[in-house]
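A.B. asks: When you get a sec, could you give me coordinates for this:
(one chain, ligands or ions: 1)
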Amino acid sequence: MMKTIIEPFKIKVVEPIRMTTRKEREHILEKAHFNPFFIHSKDVIIDLLTDSGTAAMSSKQWGGVMQGDEAYACSESFYHFERVVKELTSYHYIIPTHQGRAAERILFHVAIRNLGAEQAVVPSNTHFDTTRANIEYVGAKAIDLPTEEGKIPSLRKPFKGNMDIEKLENVIQEQGAKKIPLIMITITNNSNGGQPVSMENLKAVRKIADHTQIPFFLDAARFAENAYFIKLREPGYEHKSVKEIAQEMFQLSDGCTMSAKKDGLANMGGFLGLNNRAWAQKARSLLILTEGFPTYGGLSGRDLEALAQGFKEVLEEDYLRYRIRSIEYFGEKLLAMGIPIVEPPGGHAIYIDAKAFLPHIPSAEFPGQALVNELYLVAGIRAVEIGSVMFGKNATMELVRLAFPRRVYTQSHVDYMLECMEEIVKNKKHLRGFRITQEEPYLRHFTAHFERL
Ligand code: F0G
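C.D. replies: Alright, predicted model coming up:
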């Protein structure tokens, strides 16, 4: 067998990248108030802001787009989508939504309003921001229970995305099962370095769910990447197909919210999967209110076709091998340069520990923002700060996330990113912190203005 792992696709359609000079970029950054969310994408050379909705679709997906059935009710494209998703997940009810957070909003409305919102508590390994916001919006409390090893960036362990089972048992004991509308597990754990969750951990949560009668839900945005990590790392799964592993993960749960903008390999879409009939009925009523009829839920027929095909392709092991290896390759080279990252490399992104990398810049001067700006200035790379800019005083780490869009960039793009990091390492002592000159009270990172110190 050949050792070199190549991109397992040929390029049929290309989108030109406009090259810019450092001088142009200095000007662009100033105009964007040193906040990459304000940089026009035409001015970005490599865009690592997110892996969400940024995948390149295959020729089969584009073929499906042409065949989308745009009927308002009972579109064939919905039934195609539903067949594929049911075969994967085994859930009884599949409710399409325009993206993940719409599924979250509906789920928490149904599950928490049922209980009496004031007291409800929803534990997770780590909630994604929109999940937490949707729980808090209906008046409940979202709590994160990552394992102790999951909190140490430089520690190499196979399943740092896991939930701390002992802490979960304690929370259930303290609160009482009646106050917990559901337990949630995010696979992979995006807010904790894109680290995977083991099947063993999912089984342990299932056992508790059976015991306490608390429903168990997955936030399944990156389910295929998680399943592939289980195949690589968990004893007993090396000979199973990724699809079988994914099916087993879903079968351990009672439902899921899905942002199909990640492992759906499409630009838009999501769904809510449920086994509980009463919940499904309530969810569909809410869906009609804001998303649309239950066979389209805010999506076009063509989106549903692209997703049906995307859910098949994302489980192809040649694809996943290339996907996980590209990120690992980037991470390993950064480590060899002495750049501290969250280890081991996660499934969709590399998270640089900006605080350890730029120790001369205190948290109050946003070391992550300093690095994000330097990445753009040196090479036109757009990344995102996940630290004190995003979370204010609640930030526990100063990270910079470089998220890889699916099937978009090749190894030479990654080598270009590495050359950029080499430049930054040489010059890092001269990097300066930032000051916020203008901000909004909520989610300030999207719109804040900055000034170099
Ligand atoms: N859950 C997880 C784990 C996510 O990463 C995201 C989105 C969502 C839910 C919400 O899904 O965007 O379709 O409404 N994450 C993107 C990111 C935005 O950049 O990590 P959505």
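A.B. asks: Give me the local confidence score for the one residue in the stretch 301-450 of the chain that gets nearest to the ligand.
C.D. replies: When scored by C-beta to the nearest ligand atom, the stretch 301-450 of the chain has Ala403 as its residue closest to the ligand, at 6.2 Å. Quick note: C-beta positions are derived from backbone N, CA and C, even for glycine. We have a pLDDT of 98 for Ala403.
A.B. asks: sec struct for Gly161, please.
C.D. replies: For Gly161, the assignment made with DSSP: H, G, I helix; E, B strand; the rest coil gives coil.
A.B. asks: number of nearby residues for Ala395?
C.D. replies: By other C-beta atoms under 10 Å, the residues close to Ala395 number 18.
A.B. asks: tell me the contacts of it?
C.D. replies: 363, 387-388 (C-beta atoms under 8 Å, 6 or more residues apart in numbering).
A.B. asks: Quick check: chain neighbours aside, which residue is closest to Leu272?
C.D. replies: Leaving aside its sequence neighbours, Leu272 sits nearest to Ala103 (C-beta to C-beta, 6 or more residues apart in numbering; 3.9 Å).
A.B. asks: In space, what's closest to the residue in the stretch 201-350 of the chain positioned nearest to the ligand - neighbours in sequence excluded?
C.D. replies: Closest approach between the stretch 201-350 of the chain and the ligand, counting by C-beta to the nearest ligand atom: Ser259, at 3.2 Å. In space, and not counting its chain neighbours, Ser259 is closest to Gly100: 2.7 Å by C-beta to C-beta, 6+ apart.
A.B. asks: check contacts around that neighbour.
C.D. replies: Neighbouring residues of Gly100 by C-beta under 8 Å, 6+ apart: 130, 219, 221, 257-261, 270.
A.B. asks: Just the ones of the residues you listed in helices?
C.D. replies: Thr130 (DSSP state H).
A.B. asks: May I see the contacts of Gly100 organised as CSV, with pLDDT and neighbour count added?
C.D. replies: Output for these, formatted as CSV (pLDDT from 0 to 100; neighbours: other C-beta atoms under 10 Å):
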residue, pLDDT, neighbour count
Thr130, 90, 18
Asp219, 98, 28
Ala221, 98, 28
Thr257, 98, 30
Met258, 98, 30
Ser259, 98, 28
Ala260, 98, 34
Lys261, 98, 24
Gly270, 98, 29
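A.B. asks: Give me the subset of the contacts of Gly100 lying in strands.
C.D. replies: Taking DSSP state E, the ones among those that sit in strands are 219, 257-259, 270.
A.B. asks: Report how many residues lie close to His239.
C.D. replies: Neighbours of His239 (other C-beta under 10 Å): 7.
A.B. asks: residue contacts, Glu398?
C.D. replies: By C-beta under 8 Å, 6+ apart, Glu398 lies in contact with 353-355, 363, 366-368, 385, 387-388.
A.B. asks: Quick check: buried residues in stretch 110-129?
C.D. replies: By 16 or more other C-beta atoms under 10 Å, the buried positions in stretch 110-129 come out as 110-112, 115, 117, 120-128.
A.B. asks: can you give me the end-to-end distance of that stretch?
C.D. replies: 19 Å (C-alpha to C-alpha, to the nearest Å).
A.B. asks: Backbone dihedrals for the nearest residue to Gly150 once chain neighbours are set aside, both of them.
C.D. replies: Using C-beta to C-beta, 6+ apart and skipping the chain neighbours, the partner closest in space to Gly150 is Lys160 (4.3 Å). Backbone torsions of Lys160, given as degrees, to the nearest 10, read phi -80, psi 0.
A.B. asks: Also Val138?
C.D. replies: Per degrees, to the nearest 10, the backbone of Val138 is at phi -90, psi 10.
A.B. asks: Could you check how far it is from the ligand?
C.D. replies: Going from Val138 to the ligand by C-beta to the nearest ligand atom, to the nearest Å gives 16 Å.
A.B. asks: That residue contacts Ile112, correct?
C.D. replies: Yes. Between Val138 and Ile112 there is a contact under C-beta atoms under 8 Å: 4.7 Å.
A.B. asks: Quickly list what's touching both of the two.
C.D. replies: Contact criterion C-beta under 8 Å, 6+ apart; residues shared by Val138 and Ile112: Ala120.
A.B. asks: Please report the distance of the residue of the chain found nearest the ligand from Leu289.
C.D. replies: Here the chain gets closest to the ligand at one residue, Gly100, 2.7 Å apart by C-beta to the nearest ligand atom. To Leu289, Gly100 is 18 Å away according to C-beta to C-beta, to the nearest Å.
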